[in-house]
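Visitor: Have a look; sequence and predicted model below, questions after that.
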Amino acid sequence: MTPLSEGALSDLKVIEMGTLIAGPFCGQILGDFGADVVKIEDPKTGDPMRQWGRSLPKGLSPWWPVIGRNKRSVGLDLRTPEGRAIAADLIAGADILIENFRPGTMEKWGMDYAALSARNPRLIMARISGFGQTGPYAQRAGYGLIGEAMGGLRHVTGEPDRPPARAGISIGDSLTAMHAFMGITMALHARTRTGRGQVIDAALFESVLAVMENLVTEYDLTGYVRERSGSILPGIAPSNVYPCQGDEVILIGGNGDNVFARLCEVMGRPDLAADPKFVSHAARGTNQAELDQIIAAWTRTWKLADLLALLEEKGIPSGRVFRAPDMLDDPQYQARGAIVETDHPVFGRIKMQNAFPRLSETPGQVRWPGPALGEHTDQVLGELGLSVDKIVDLRARGIV
């Protein structure tokens, strides 16, 4: 295992008790920037992410090396009093606790914030759930897709003549993890002044709602309910996916007046920039469908690579729709090291996304991929002061 680097958060100790995506992704971000993240898992099954994936190459999940990276794994049965006592001892020496159990679980275990902070007043506890720790829905099970729907994202995603679509990734979970991380950094800053920790209550539906732009305000002021609009944003034109030769597509964003004028010149249609139907941002929005048809008729005559080169030369925002192979071959990805390789004990060298954002003095990094279940149990419990004999006894009884 690579030693902990001097990352921005390398002086922090984190206990992660979450499972699946929202809690563990928050822990991943902390670990990427140097925090010592100790992940507590069920000693028999581990985090379900260890088994997730469309395929299981060599019997292992491709999810786990990413979301489990830069963490130390401890197998510990929290359903037992002794397991919870050990967890409480670990938390007593930590800066941050992440949990995403159903609200009330930690209280049932005697591990509510009042009890934990009595031993560790500087503790910051990030609580991630579907609907938050309070309110009539608090006790409901809440996965990311429910938060995406309740927060408004699902209703506006997809084609207008079809049912709501999903983003293709677990965006609700990831947004909640990021909001929890934001709350942690705010709480750390406040702790420098007060000396005390606090609770971060990150709800899936609220984390989605936070990125819904003016959806609520527009309805409140005008009565307009935003609907699904496919590949466009109504009133923002041109900004769409357009066809090229050979079933390829190109993204073009030319909705600013100056950019649109340059696009018209490139198309050989300078008259469009002066046409009353397209002369302003508002006019182009009103006549969006007609304008998209004109542009599509032109892009359809081009090979994608040739059109990209031309639009880049003329300063018109454009791009292809990237897939994983495109990312691995792209010179911008390569120049910035956006994809990195790390050693895996079973897979060998594996590729994954780097740590973002980039910090000039204390950057994040991928130090090791997701560890084996309980790989660091002896190490972490030894640091806690448990003897070898005690750890052997705990393992024999299935507690670790």
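Guide: Cool, the structure landed. Residues are numbered from 1 along each chain as shown.
Visitor: C-terminal to the lengthiest helix in the chain, what's the next element?
Guide: Ranked by residue count and defined by DSSP state H, the top helix of the chain is helix 171-194. Once the chain leaves helix 171-194, the next helix or strand it forms, by DSSP states H and E, is strand 199-203.
Visitor: which helices and strands does the helix or strand that that next one is followed by pack with?
Guide: Remark: after strand 199-203, the chain's next helix or strand is helix 204-209, criterion DSSP H and E. For helix 204-209, the packing partners by 3 or more C-beta pairs under 8 Å, 6 or more residues apart in numbering; DSSP states H and E come out as helix 144-150, helix 171-194. No exception for glycine: its C-beta is placed from N, CA and C like everyone else's.
Visitor: go again using 10 Å as the cut-off
Guide: Judged by 3 or more C-beta pairs under 10 Å, 6 or more residues apart in numbering; DSSP states H and E, the packing partners of helix 204-209 are strand 124-129, helix 144-150, helix 171-194.
Visitor: what lines up beside the shortest one in the sheet?
Guide: Here the strand partners of strand 124-129, with direction, are listed using DSSP bridges: strand 96-99 (parallel), strand 199-203 (parallel).
Visitor: Tell me which of the ones you listed is the most buried.
Guide: Comparing these by mean neighbour count (mean count of other C-beta atoms under 10 Å), strand 96-99 ranks first with a mean of 26.
Visitor: got the CA coordinates for that strand in PDB?
Guide: The C-alpha trace of strand 96-99 is given here as PDB (Å, rounded to 0.1, in the frame of the first residue of the first chain):
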ATOM      1  CA  ILE A  96     -15.200  13.000  10.400                       C
ATOM      2  CA  LEU A  97     -17.800  10.300  10.400                       C
ATOM      3  CA  ILE A  98     -19.800   9.500   7.200                       C
ATOM      4  CA  GLU A  99     -23.000   7.400   7.500                       C
END
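Visitor: Pull the residues that contact the helix or strand just after that strand.
Guide: Sequence-wise, the next helix or strand downstream of strand 96-99 (DSSP H and E) is helix 105-108. Contacts to helix 105-108, defined as C-beta atoms under 10 Å, 6 or more residues apart in numbering, come from residues 17, 78, 84, 97, 99, 101-102, 111-116, 125, 127, 129, 133.
Visitor: now stretch 206-226
Guide: 22, 128, 131-132, 144, 146-156, 171-180, 182, 203, 233-234.
Visitor: Among those residues, name the buried ones.
Guide: Listed as buried from the contacts of stretch 206-226 are 22, 128, 131-132, 144, 146-156, 171-180, 182, 203, 233; burial here means 16 or more other C-beta atoms under 10 Å.
Visitor: Using the centroid of this protein, identify the residue furthest from it.
Guide: Taking C-alpha atoms, centre = their mean, the residue of the chain most remote from its mean C-alpha position is Asp271, at 44.3 Å.
Visitor: right, and that one touches Lys277 too?
Guide: No - Asp271 is beyond contact range of Lys277, at 11.0 Å (criterion: C-beta atoms under 10 Å).
Visitor: neighbours around Leu307, how many?
Guide: 22 (other C-beta atoms under 10 Å).
Visitor: Could you verify that Arg69 is part of a strand?
Guide: No - Arg69: not assigned to a strand; according to DSSP: H, G, I helix; E, B strand; the rest coil it is coil.
Visitor: Is it in contact with Gly31, as I believe?
Guide: Yes - with contact defined as C-beta under 10 Å, Arg69 reaches Gly31; the gap is 6.7 Å.
Visitor: where along this protein do the strands fall?
Guide: Counting by DSSP state E, the chain has strands at residues 13-16, 36-41, 71-75, 96-99, 124-129, 199-203, 239-243, 249-253, 318-319, 339-344, 348-353.
Visitor: I'd like these written out as JSON lines, with mean pLDDT and distance to Ala372 added.
Guide: As requested, the strands of the chain are exported to JSON lines (pLDDT from 0 to 100; distance: least, C-beta to C-beta, whole Å):
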{"stretch": "strand 13-16", "mean pLDDT": "98", "distance to Ala372": "16"}
{"stretch": "strand 36-41", "mean pLDDT": "98", "distance to Ala372": "11"}
{"stretch": "strand 71-75", "mean pLDDT": "98", "distance to Ala372": "7"}
{"stretch": "strand 96-99", "mean pLDDT": "98", "distance to Ala372": "21"}
{"stretch": "strand 124-129", "mean pLDDT": "98", "distance to Ala372": "25"}
{"stretch": "strand 199-203", "mean pLDDT": "98", "distance to Ala372": "29"}
{"stretch": "strand 239-243", "mean pLDDT": "98", "distance to Ala372": "43"}
{"stretch": "strand 249-253", "mean pLDDT": "98", "distance to Ala372": "41"}
{"stretch": "strand 318-319", "mean pLDDT": "98", "distance to Ala372": "40"}
{"stretch": "strand 339-344", "mean pLDDT": "98", "distance to Ala372": "11"}
{"stretch": "strand 348-353", "mean pLDDT": "98", "distance to Ala372": "15"}
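Visitor: With that, I have no additional questions.
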